[in-house]
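Asker: sharing a model prediction with you, sequence too.
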Amino acid sequence: MITFSSLEKLKAYIQGNVMTTSEVLDYLKISRPGLKDLIDRGKLAPLKEEKATRLFFRADVEARKREADELKKKYRPYD
């Protein structure tokens, strides 16, 4: 369990390790339907989901990007 000695340290942790839907879309260079498809297929899971807002762990998003890049190299080497 992670504990924080101050509110500022908690905020810094969240800002550095949590991404919004818009940040994920920009980082992965995908559309909202593409993100929904990743979530539906279990390839990316939101940390928290409330109505129109989703939050994601940065490490999960970065791992998905690495996986997608490897698949592109394998199946689309001409791109």
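Answerer: Yes, it's here.
Asker: mind listing residues that contact stretch 2-19?
Answerer: 27, 47, 55, 56, 57, 58, 59, 61 (Cβ atoms under 8 Å, 6 or more residues apart in numbering). Where C-beta positions appear, they are placed from N, C-alpha and C, glycine not excepted.
Asker: so what's the second one scoring on pLDDT?
Answerer: Predicted confidence (pLDDT) at residue 47: the value is 95.
Asker: residues contacting it?
Answerer: With Cβ under 8 Å, 6+ apart as the criterion, the residues that contact residue 47 are 18, 55, 56, 57.
Asker: out of these, who's the most crowded?
Answerer: The residue in the contacts of residue 47 with the most neighbours, by other Cβ atoms under 10 Å, is residue 56 (24 neighbours).
Asker: what count of nearby residues applies to residue 24?
Answerer: Applying other Cβ under 10 Å, we find 23 residues neighbouring residue 24.
Asker: residue 21 now?
Answerer: 16.
Asker: rewinding a little: out of the contacts of stretch 2-19, what pair is the most spread apart?
Answerer: Between all members of the contacts of stretch 2-19, the longest pairwise span (Cβ to Cβ) is found for 27 and 47 and amounts to 15.0 Å.
Asker: packing partners for the helix ranked longest in the chain?
Answerer: With DSSP state H applied, the helix covering the greatest number of residues in the chain is identified as helix 58-75. Contact here means 3 or more Cβ pairs under 8 Å, 6 or more residues apart in numbering; DSSP states H and E; on that basis helix 58-75 packs against helix 7-17, strand 18-20, helix 21-28.
Asker: could I get those as CSV with distance to residue 70 and mean pLDDT?
Answerer: Converted to CSV, those look like this (distance: least, Cβ to Cβ, whole Å; pLDDT from 0 to 100):
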stretch, distance to residue 70, mean pLDDT
helix 7-17, 23, 95
strand 18-20, 21, 97
helix 21-28, 14, 97
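Asker: and the ones you listed: which comes nearest residue 1?
Answerer: Ranking the helices and strands packed on helix 58-75 by distance to residue 1, with Cβ to Cβ as the measure, places helix 7-17 first at 13.1 Å.
Asker: centre of the chain to the closest one, how far?
Answerer: Going by Cα atoms, centre = their mean, to the nearest Å, the spacing between the C-alpha centre of helix 7-17 and its chain's C-alpha centre is 17 Å.
Asker: no further questions, thank you.
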